[in-house]
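Asker: pasting the structure only:
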């Protein structure tokens, strides 16, 4: 701890904290980790779905849908936490990633169910 006189001399405040890790926000690593979880879960459920038959397929499809919903909600909660912590670059990356995934979900919905207007 520095003496109060030295603090006043050098104009150092006690509130000043230096966080080097906050300045270095690795977006690529951040997105790749979330994408890896998404792809691993999808490939895992798809492999299981192709190996079963009958009504089990529908059950695993519902579980895979629940996995995607929980994963998406976790991404949104993480974006909120990143906003509170002041990591705006990672928050924006999460939000852009969420929008891209929603667009992919919409394309998959149109491709699978082919709604007619």
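Answerer: Done, it's in. On a predicted model such as this, the values are computed, not experimentally measured, just so you know.
Asker: in the protein, what helix or strand scores lowest on average pLDDT?
Answerer: helix 20-23 (a mean of 50; mean pLDDT, DSSP states H and E).
Asker: just checking, next helix/strand downstream of the lengthiest helix in the chain?
Answerer: Ranked by residue count and defined by DSSP state H, the top helix of the chain is helix 55-84. Per DSSP states H and E, the first helix or strand lying C-terminal to helix 55-84 is helix 88-113.
Asker: how far off centre is the longest helix of the chain?
Answerer: 10 Å (CA atoms, centre = their mean, to the nearest Å).
Asker: for that helix, list every residue counted as buried.
Answerer: 60, 64, 67, 68, 72, 75, 78, 79, 82 (16 or more other CB atoms under 10 Å). (C-beta placed from N, C-alpha, C; glycine too.)
Asker: out of those residues, flag the one nearest to residue 110.
Answerer: residue 68 (16.7 Å; CB to CB).
Asker: residues touching the most centrally placed residue in the chain, list them.
Answerer: By CA atoms, centre = their mean, the chain has its centre lying nearest to residue 75, at 3.4 Å. With contact taken as CB atoms under 8 Å, 6 or more residues apart in numbering, residue 75 is in contact with 34, 94, 97, 98, 101.
Asker: if you rank the residues you listed by neighbours, which is first?
Answerer: Per-residue neighbour counts (other CB atoms under 10 Å) across the contacts of residue 75 peak at residue 94, which has 24 neighbours.
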